[in-house]
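# have a look at this prediction, sequence included:
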Amino acid sequence: MEKKQIDWANIGFNYIQTDKRYVSNYKDGAWDEGGLTEDANIVLNECAGVLQYAQTVFEGLKAYTTEDGHIVTFRPDLNGERMENSAKYLEMPVFPKERFLDAVVKTVEANAAYVPPYGSGATLYIRPYMFGSNPVIGVKPADEFQFRVFTTPVGPYFKGGAKPITIKVSDFDRAAPRGTGNIKAGLNYAMSLHAIVTAHEEGYAENMYLDAATRTKVEETGGANFIFITKDNKVVTPKSDSILPSITRRSLLYVAKEYLGLETEEREVYLDEVKDFAECGLCGTAAVVSPVGKIVDHGREICLPSGMDEMGPVTKKLYDTLTGIQMGKIEAPEGWIKVI
Ligand code: PLP
Ligand code: COI
């Protein structure tokens, strides 16, 4: 199959329209059969639930070309499960995870020409999402919904790729205790826009959000979870009910333990102890594993010993092993890789 003529090495994390997308509609209590379409636009009533009350949830995963030329996705069943949970929380009908997988496979197959070649540094980002589509004016759930999947080739989420970034401790909170922080709903990202624009204006690449109740504990960033490495090489990741349960983070903890023989710990992490860690990284589908070199807390600089030039050694091992598994260079645990 002929690949599209795209300058793979120089694309950023931006939308590039691809050929086909998947659509299924929910009406009168049931999802229709669904299928692929070439139409990238959606026509909605002015009062659609998504437009008025933000009734929408989404997912993000990637397709990779492996070393031996297959197209694969990474743990898509976990994205399907998480979307089921997100939908339930926002009073939306569940799009069953078996159908979710089928829709992802069909969409990737239909856009195979846009899956970046092995070694290009780019991947195909897959965005499943669903939203309330019929008019609602009183505050209540819609009763018609649309589920869609589109794809777009992407490069690194942070400019500079693997260069360590500087982030700030945000003055804003991302998620309330007992709120929506642990689901993947558009509303969590809408409310982070002011915070990220502010951080960018001040020269920071991202925000570190603290727990809203006490503002003493590390939560996550706007689009990734944290991992920290202790000076004795333990992998520590914050535990909280108001962060997104990252599939990348769960995978990295497994890789740390089972592939690298490192100790791991999922626990509350206090901002006060961050200065004692050796390395810090952000992890997520878009971010992969991005090193953090410096964290600024209201003028107080916390400089990670791994510095601003390159990834810390343990972060690098985690990154190499995870991406090695995703690209088919390292044998994956059972069930992690779905060949398209
Ligand atoms: N946290 C937030 C807020 C996110 O948006 C994402 C991205 O999906 C993640 C964490 C990382 O999750 P995953 O590794 O499943 O992509
Ligand atoms: C992802 O990593 O898939 C995300 O959804 C993060 C997003 C903010 C780009």
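Everything's here; your move. Ligands and ions are numbered 1, 2, ... in the order given.
# who's in contact with Lys234?
Applying CB atoms under 8 Å, 6 or more residues apart in numbering to Lys234 gives the contacts 262-265. Using the backbone N, CA and C atoms, a C-beta is placed for each residue, glycine as well.
# who wins on neighbours among these?
Leu262 (19 neighbours; other CB atoms under 10 Å).
# of the contacts of Lys234, which is the nearest to ligand 1?
Distance to ligand 1, by CB to the nearest ligand atom, is smallest for Thr264 among the contacts of Lys234, at 15.9 Å.
# tell me which of the contacts of Lys234 is nearest to ligand 2?
Thr264 (21.1 Å).
# give me the beta-bridge partners of the closest one?
Val235 (DSSP bridges).
# what's the pLDDT at it?
For Thr264, the pLDDT comes out at 98.
# assess the claim that it and Val235 are in contact.
Yes - in this structure Thr264 lies within contact range of Val235 using CB atoms under 8 Å: 4.6 Å.
# who touches both of these two?
253, 256.
# with adjacent residues omitted, what lies nearest to Ala162?
Spatial nearest neighbour of Ala162, excluding adjacent residues (CB to CB, 6 or more residues apart in numbering): Met311 at 5.7 Å.
# the one you found should be in a strand, yeah?
No - read with DSSP: H, G, I helix; E, B strand; the rest coil, Met311 is coil and lies in no strand.
# how close does it sit to ligand 2?
Remark: distance between Met311 and ligand 2 (CB to the nearest ligand atom, to the nearest Å) = 18 Å.
# who's in contact with that residue?
162, 164, 279, 281, 289, 291, 319.
# thought Thr180 was touching Tyr189?
No - using CB under 8 Å, Thr180 is not in contact with Tyr189; the gap is 10.8 Å.
# of those two, who's got more company?
Thr180 (19 against 15).
# for this structure, what spans make up the helices?
49-53, 76-89, 97-110, 186-190, 193-201, 247-258, 313-326 (DSSP state H).
# roughly how far out does the last one sit from the chain middle?
When you say that, I think you mean helix 313-326. 17 Å (CA atoms, centre = their mean, to the nearest Å).
# any idea of the mean pLDDT for that helix?
Mean predicted confidence for helix 313-326 is 96.
# what does the stretch 101-250 of the chain put close to ligand 1?
Residues of the stretch 101-250 of the chain lying close to ligand 1 by CB under 6 Å from any ligand atom are 220, 223-225, 244, 246-249.
# hmm, try it at 5 Å
223-225, 244, 246-248 (CB under 5 Å from any ligand atom).
# list the residues that contact the nearest residue to Asn134 once chain neighbours are set aside.
Once flanking residues are discounted, Asn134 sits nearest to Glu144: 3.8 Å by CB to CB, 6+ apart. Contacts were defined as CB under 8 Å, 6+ apart; by that measure Glu144 touches 25-27, 132-134.
# related to what we said a few turns ago, which of the contacts of Met311 lies closest to ligand 1?
So of the contacts of Met311, ranked by how close each gets to ligand 1 (CB to the nearest ligand atom), first place is Val289, at 10.1 Å.
# what's near enough to touch the closest one?
227, 248, 252, 281-283, 311, 315, 318-319, 322.
# quick one: stretch 221-235 near ligand 2?
Yes - Stretch 221-235 is in contact with ligand 2 by CB under 5 Å from any ligand atom, via Gly223.
# any idea how many residues pack against the residue in the stretch 101-250 of the chain that ligand 2 sits nearest to?
Among the residues of the stretch 101-250 of the chain, Gly223 lies nearest to ligand 2; the distance is 2.9 Å by CB to the nearest ligand atom. By the criterion of other CB under 10 Å, Gly223 has 21 neighbours.
# what's the pLDDT at it?
pLDDT, Gly223: 96.
# what's the closest non-adjacent residue to Gln55?
Leaving aside its chain neighbours, Gln55 sits nearest to Gly132 (3.7 Å; criterion: CB to CB, 6+ apart).
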